[in-house]
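Participant: Quick one: sequence plus predicted model below, questions after.
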Amino acid sequence: MELEKILYEKFSYTQFRKGQKEIIQSILNEKDTLALLPTGTGKSLCYQLPGYLMKGMVLIISPLLSLMQDQVEQMKIRGEKRVVAINSFLTREERRSVLQNVHKYKFIYISPELIQNDFIFKKIKSVPVSLLVIDEAHCISQWGYDFRPDYLELGRIRRELGNPVTLALTATAREDVQNDIKKFLHMENAEEYINSVDRPNIALQVIKVRDYQTKKQHLFELVKQLTGPGILYFSSKKLANEVAKELNERSLGPAAAYHSGIDQEMRILLQQQFLYDELKIMCATSAFGMGVNKENVRYIIHFHPPINLESYLQEIGRAGRDGEKSIAVMLYADDDIFLQQQLLESEYPSDIQIDHFSRIQRLKNFLNNIDGNVPEKTAVPEGYTEVQWRLLWKFYINSKDENDFKRKLRSFIDERLAIKKVKLQEITDWIEYEGCRRERLLMSFQETKRERHDNCCDNCGLDLSCYQQANALKKQVLPINWRHRLAELFSIEMEI
């Protein structure tokens, strides 16, 4: 079997990226596989290509709606019609049609929550699944930075599907998380392909500032100097909107804002504009970047630091996918840590929200005279985020009574906050570190720095001119040797 031939026919690539071919061979040899590939190294190809060579369906469990949609759109652009994402973006009629014709699809994307729907699972189970893909597999571990309880059900789902060959994919997972992935998915003899999280072509820089206004001044100066395209990351949707507007007013764009407050059609439009260089700058929250396969992003700027090193690696990994020099700059003020602590605590339901939820369910039970049945889950109401609402329901339906529900949920929240605060302190320590930033980053993931980099980090020394627009223009326009040029012109005239 000539994998390179299929790679070219299906994906128009002439060679594999590091690690891809080995993972694909493992899957085709019917081995369960755990693969850690850094952001931007082509994880999706590792299951899409073998999918074409396997008889049954490829079922991909993905936690993000936007990521599913991006992958489906990209496959359709390449001409693949047998792909679909079963999610809330489908109308009731579209979902009914997909499930009635589920046997016609080769690739099906679905969330860990929706795969647990009995009706949907029964339909999917009626079709042979040759490959089960767990994307963002770190979500299965309570030690992971983005633990999602619904991932814990995937081991049972896998068993009920007949234990198909399984590929667990993630960009960042430390050893304890890797062990949890194998344990909860029952992958006892899995092949493991653990690649370095290092992206040597991305320089790392931290700029410490006094206050918010100074930080904004630095941001606009950086955008003016650096060669684009670029992504600016914010923790605030409002600030992303404001900065995008101001960049356009200052003629530093074209720029746009991208976050969860924007409807799906507009998100897809903005992604396409950015992909085709109609937008130079994307002002985004962490909602942007997953599945957006743009190779020539030259810089990432964090206006606010992420809440952990794993998220930081994911976000800076969206630069330099073409292997060319790129830079990741973090702007940091001392009070940023307090904002991040507030974000951590707001992610989970508060005591007031938990009590309010309990009262609602108690009232529903009374009014509907429900005898031991769980009230029907409704759409996310105002005042709750999707994550908060999902957690409330997850613990509610798995508790004996109201007191058991509150006790279990509050215990879970306390445990998760403790873990996340440790991770927040870890990235704060990295920001304050005075030695090699790359070396410290790799140490956090049980790696050692293997080689010296010319443009490593601000503590090791950076030649910033490599990333600035004036220097890029000089590289593009070669200096003219006028003596040779005039000789060429005269020789042409004489020949005429």
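Facilitator: Cool, the structure landed.
Participant: only C-alpha atoms for contact and neighbour calcs from this point on.
Facilitator: Noted.
Participant: For the chain, give me the ranges with low pLDDT.
Facilitator: Per-residue confidence of the chain (counting by pLDDT under 70) places the weak regions at 1, 289-291, 363-378, 470-496.
Participant: tally of neighbours for residue 313?
Facilitator: 19 (other Cα atoms under 10 Å).
Participant: Can you tell me the element it falls in?
Facilitator: helix 309-316 (DSSP states H and E).
Participant: Residue 274: what's it in contact with?
Facilitator: Taking Cα atoms under 8 Å, 6 or more residues apart in numbering as the definition of contact, the neighbours of residue 274 are 280-282.
Participant: Leaving out sequence neighbours, find the closest residue to residue 123.
Facilitator: Here the nearest residue to residue 123 in space, its sequence neighbours aside, is residue 99; by Cα to Cα, 6 or more residues apart in numbering that works out to 6.3 Å.
Participant: can you count the residues close to that neighbour?
Facilitator: Residue crowding around residue 99 was assessed by other Cα under 10 Å; the count is 18.
Participant: swap in residue 115?
Facilitator: Other residues lying near residue 115 total 21 when counted by other Cα under 10 Å.
Participant: try residue 7
Facilitator: 18.
Participant: quick one: contacts for it?
Facilitator: When contacts are counted by Cα under 8 Å, 6+ apart, residue 7 is found next to 13-16, 49.
Participant: ok, of those residues, which one's closest to residue 271?
Facilitator: Set against residue 271, the nearest of these by Cα to Cα is residue 13 (22.3 Å).
Participant: hmm, back to that, against which helices or strands is the helix holding residue 313 packed?
Facilitator: Using 3 or more Cα pairs under 8 Å, 6 or more residues apart in numbering; DSSP states H and E as the contact criterion, the neighbours of helix 309-316 among helices and strands are helix 402-432.
Participant: tell me which residues in the helix it packs on are buried?
Facilitator: Using 16 or more other Cα atoms under 10 Å as the burial criterion, the residues of helix 402-432 that qualify are 405-406, 409-410, 412-413, 416-417, 420-421, 423-424, 426-428, 430-431.
Participant: what's the answer for stretch 110-126, then?
Facilitator: Of the residues in stretch 110-126, those scored as buried under the neighbour-count criterion (16+ other Cα under 10 Å) are 110-116, 120-121, 124.
Participant: Please tell me how far residue 424 sits from residue 311.
Facilitator: For residue 424, the distance to residue 311 equals 11 Å [Cα to Cα, to the nearest Å].
Participant: ditto for residue 133
Facilitator: Counting by Cα to Cα, the gap between residue 133 and residue 311 amounts to 21 Å.
Participant: These two: which has the busier surroundings?
Facilitator: Under the neighbour definition other Cα under 10 Å, residue 133 and residue 311 were set side by side, and residue 133 has more, 23 against 17.
Participant: can I assume that one sits in a helix?
Facilitator: No - secondary structure of residue 133 (DSSP: H, G, I helix; E, B strand; the rest coil): strand, not part of a helix.
Participant: partner residues bridging it?
Facilitator: residue 60, residue 167 (DSSP bridges).
Participant: Spit out the contact partners of it.
Facilitator: 47, 58-61, 166-169.
Participant: What of residue 358?
Facilitator: Taking Cα under 8 Å, 6+ apart as the criterion, residue 358 is in contact with residue 402.
Participant: Can you give me the end-to-end span of stretch 10-20?
Facilitator: So stretch 10-20: terminal residues 15 Å apart, Cα to Cα.
Participant: list the buried ones in stretch 148-156?
Facilitator: So stretch 148-156, judged by 16+ other Cα under 10 Å, has buried residues 148-155.
Participant: Need the contact partners of that stretch.
Facilitator: Applying Cα under 8 Å, 6+ apart, the set of residues contacting stretch 148-156 is 112-113, 139-142, 184-186, 394.
Participant: May I ask which of the residues you listed has the most neighbours?
Facilitator: With neighbours defined as other Cα under 10 Å, the most crowded of the contacts of stretch 148-156 is residue 140; it has 27 neighbours.
Participant: follow-up on the earlier one: which two from the contacts of stretch 148-156 end up farthest apart in space?
Facilitator: 186 and 394 (22.6 Å).
Participant: Relative to the whole chain's centre, how far out is the particular helix or strand that has residue 266 in it?
Facilitator: Residue 266 is part of helix 264-275, with elements assigned from DSSP H and E. When distances are taken as Cα atoms, centre = their mean, to the nearest Å, helix 264-275 is centred 16 Å away from the chain's centroid.
Participant: Just the CA atoms of the helix or strand following it, as PDB, please.
Facilitator: The element immediately downstream of helix 264-275 (helix or strand, assigned by DSSP H and E) is strand 281-284. Extracted C-alpha coordinates of strand 281-284, given in PDB (Å, rounded to 0.1, in the frame of the first residue of the first chain):
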ATOM      1  CA  ILE A 281      -5.800  40.500  12.100                       C
ATOM      2  CA  MET A 282      -8.300  38.500  14.100                       C
ATOM      3  CA  CYS A 283      -9.100  39.800  17.600                       C
ATOM      4  CA  ALA A 284     -10.300  36.700  19.300                       C
END
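Participant: partners of strand 281-284 in the sheet?
Facilitator: For strand 281-284, the pairing partners within the sheet under DSSP bridges are strand 230-233 (parallel), strand 255-258 (parallel).
Participant: centre of the chain versus that strand, how much separation?
Facilitator: Worked out by Cα atoms, centre = their mean, strand 281-284 lies 15 Å from the chain centre.
Participant: again with stretch 453-471
Facilitator: Worked out by Cα atoms, centre = their mean, stretch 453-471 lies 26 Å from the chain centre.
Participant: buried set for that stretch?
Facilitator: In stretch 453-471, residues buried by neighbour count (16+ other Cα under 10 Å) are 455-458, 460, 466-469.
Participant: Identify the farthest-apart pair in these.
Facilitator: Considering Cα to Cα, no two members of the buried residues of stretch 453-471 lie farther apart than 460 and 469, which are separated by 22.8 Å.
Participant: For the helix holding residue 266, output the C-alpha coordinates as PDB.
Facilitator: This file holds the C-alpha atoms of helix 264-275, laid out as PDB (Å, rounded to 0.1, in the frame of the first residue of the first chain):
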ATOM      1  CA  GLN A 264     -22.400  30.700  13.400                       C
ATOM      2  CA  GLU A 265     -22.900  32.100   9.900                       C
ATOM      3  CA  MET A 266     -20.800  35.100  10.700                       C
ATOM      4  CA  ARG A 267     -18.100  32.900  12.400                       C
ATOM      5  CA  ILE A 268     -17.800  30.900   9.200                       C
ATOM      6  CA  LEU A 269     -17.500  34.000   7.100                       C
ATOM      7  CA  LEU A 270     -14.800  35.500   9.300                       C
ATOM      8  CA  GLN A 271     -12.800  32.300   9.200                       C
ATOM      9  CA  GLN A 272     -12.900  32.200   5.400                       C
ATOM     10  CA  GLN A 273     -11.900  35.900   5.200                       C
ATOM     11  CA  PHE A 274      -9.000  35.300   7.500                       C
ATOM     12  CA  LEU A 275      -8.000  32.100   5.700                       C
END
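Participant: just to confirm, which helix or strand has residue 109 in it?
Facilitator: Counting by DSSP H and E, the secondary-structure element that holds residue 109 is strand 107-110.
Participant: which ones are touching residue 445?
Facilitator: The contact partners of residue 445, taken as Cα under 8 Å, 6+ apart, are 173-174, 197.
Participant: Going through these, which ones are buried?
Facilitator: When neighbours are counted using 16+ other Cα under 10 Å, these contain these buried positions: 173, 197.
Participant: can the contacts of residue 445 go into JSON lines with extra columns for secondary structure and distance to residue 103?
Facilitator: As requested, the contacts of residue 445 are arranged in JSON lines below (DSSP: H, G, I helix; E, B strand; the rest coil; distance: Cα to Cα, whole Å):
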{"residue": "173", "secondary structure": "coil", "distance to residue 103": "34"}
{"residue": "174", "secondary structure": "coil", "distance to residue 103": "37"}
{"residue": "197", "secondary structure": "coil", "distance to residue 103": "38"}
